[in-house]
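Peer 1: Below is the sequence, then the predicted model.
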Amino acid sequence: MVSSDHLGPGEEGIIKTTFDTSRKIGTVVRTIQVKTNDPVRPLVVLRLKAKIVDAFHSSNLEPKAIFRSPCRSCHVDRGIGRTGAALFRADCMMCHRRGYVGKDILELKKLSKQQLKSAIEEGVKGTVMPGFSSRVGGPLTESQIRSLIRYIKEH
């Protein structure tokens, strides 16, 4: 939104803008193109740079908090009804990538099927990894858990 639809020579105005910061962290850059009637500079590009602070992951939440809103939309809802690779990409990859909080898939692959099953079902004590099994309050069925283990071991 612009404070005025017309500015005279030398006048200043304010451009207000918003953007969705969900699923973003760290430095985010956006550009805004402003069309002018100036023959020398008919288009001015403004570059906005913002540092997005992760309010959710920086706090000490209990692991099962990810099953409740607002965490649920990223950590659960995207994987509903999915299995295998699609489920891993939807709900697991955000934590289990190289350089992130969880072990990446190459490290996960080194675990035994039983270790994977236990970690996925019951969680990992002393970490932010909760149990995802529906038996312990998580969203995953036994079939989905088996599909994740198969995907990880065969990937």
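Peer 2: Everything's here; your move.

Peer 1: Could you pull up phi and psi at the nearest residue to residue 65 once chain neighbours are set aside?
Peer 2: Leaving aside its chain neighbours, residue 65 sits nearest to residue 71 (5.8 Å; criterion: C-beta to C-beta, 6 or more residues apart in numbering). To be clear about C-beta, it is placed using only N, CA and C from the backbone, and glycine gets the same treatment. Dihedral angles of residue 71 (phi, psi; degrees, to the nearest 10) stand at phi -60, psi -30.

Peer 1: so residue 71 sits right up against residue 63, yeah?
Peer 2: No: the pair residue 71 and residue 63 fails to qualify as a contact (C-beta atoms under 8 Å) at a distance of 10.3 Å.

Peer 1: Quick check: buried residues in the longest helix along the chain?
Peer 2: Identified as the longest helix of the chain according to DSSP state H is helix 142-154. Buried residues in helix 142-154, counted by 16 or more other C-beta atoms under 10 Å: 144, 145, 146, 147, 148, 149, 151, 152.

Peer 1: So what touches stretch 96-115?
Peer 2: Applying C-beta atoms under 8 Å, 6 or more residues apart in numbering, the contact partners of stretch 96-115 are 57, 88, 92, 94-95, 116, 119, 128-129, 149, 152-153, 155.
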